[in-house]
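give me coordinates for this.
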Amino acid sequence: MIKTATKELVKILVVDDHALLRKGLLLVLEELGGPIEVLEAADCAAAFELAHSNPDLDLVLLDYELPDMTGIEALDHFARTHPELPIVVISGVASQLVMQQAMLKGAAGFVTKSADSSDLLRTLHRVLDGEIVRPEALTHSARADASAVGIAASLNLLTPRQEDVLHLLLDGYTSRVIGKKLFLAEETVKTHVSAIIRAFGAKTRLEAILAASRYGYGKARRSTE
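Numbers count the residues shown, from 1 in each chain. Reported below is the predicted structural model:
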């Protein structure tokens, strides 16, 4: 059974301009288990109105290609108006460029429409648990780009506590969950995250995570544990 930290009912917004696909997603979401409420929107305008009138939303399933706005533009809007609301992008395009763009714009997960329903359910469970789920294709690409020079450079950029925070970021945890794991206030975690973003010359947390992965930071850190 799924639930958030503060309530039993899980409320999910499905945004897709194809009614049949929305109905298909509803059937998959029923397999999450537990009490669930699903709202539907056929375009971004309707989605934004529903998000505004339902501040208790737990998750948004967002089609990457919508009639009134691109997925990237929609992610930008949600980042400004509902920064803590997890967005899982669903796309018929499986290119690494599209995946990377979505993750850099703040998506908590990315699932292709050709994926099995079990893959979608696993991603949704993890996102509802507070994780950021990077597509395996991006993870494999980042590992392939890692270099010894990059690893050494990244290890010298951060304080020990910032390294602890980055280690958990790479594992996909949110600031709230990291705070609980490290016994830190969430605002303190966000301060460390800001420092990490600056250290890697990034503009967002996800850019910093991808940069750290390219440098092989996660691999270097785990090898010392």
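
pretty sure residue 125 sits against residue 32.
Yes - counting by Cβ atoms under 8 Å, residue 125 touches residue 32, with 7.2 Å between them. Glycine gets a C-beta too; all of them are placed from N, C-alpha and C.

check which element follows the lowest-mean-pLDDT helix or strand in the chain along the chain.
For the chain, counting by mean pLDDT, DSSP states H and E, helix 148-155 ranks last in confidence among helices and strands (a mean of 43). Of the helices and strands lying after helix 148-155 in sequence (DSSP states H and E), the nearest is helix 160-170.

what residues sit buried inside that following helix?
162-170 (16 or more other Cβ atoms under 10 Å).

is it possible to export the residues you listed to JSON lines including pLDDT?
Output for those, formatted as JSON lines (pLDDT from 0 to 100):
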{"residue": "162", "pLDDT": "87"}
{"residue": "163", "pLDDT": "85"}
{"residue": "164", "pLDDT": "88"}
{"residue": "165", "pLDDT": "90"}
{"residue": "166", "pLDDT": "87"}
{"residue": "167", "pLDDT": "85"}
{"residue": "168", "pLDDT": "88"}
{"residue": "169", "pLDDT": "87"}
{"residue": "170", "pLDDT": "84"}
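
which of residue 125 and residue 32 has more neighbours?
residue 32 (19 against 14; other Cβ atoms under 10 Å).

what's in contact with stretch 86-95?
Residues outside stretch 86-95 that contact it (Cβ atoms under 8 Å, 6 or more residues apart in numbering): 16, 25, 58-65, 71, 75, 78, 98, 102, 106-114, 120, 123-124, 127-128, 133, 137.

buried subset of those as a PyMOL selection?
Buried residues among the contacts of stretch 86-95 (16+ other Cβ under 10 Å), as a PyMOL selection:
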select buried, resi 16+25+58+59+60+61+62+63+64+71+75+78+98+102+106+107+108+109+110+111+112+113+120+123+124+127+128+133
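
return the subset of the contacts of stretch 86-95 lying in helices.
25, 71, 75, 78, 98, 102, 120, 123-124, 127-128, 137 (DSSP state H).

what's the closest of these to residue 52?
Nearest to residue 52 among those, counting by Cβ to Cβ, is residue 78 at 11.0 Å.

how near is the closest one to residue 22?
18 Å (Cβ to Cβ, to the nearest Å).

in the longest helix along the chain, what counts as buried?
Determined from DSSP H, the single longest helix within the chain is helix 186-199. Within helix 186-199, the residues that qualify as buried are 188-190, 192-193, 195-197, 199, counting by 16+ other Cβ under 10 Å.
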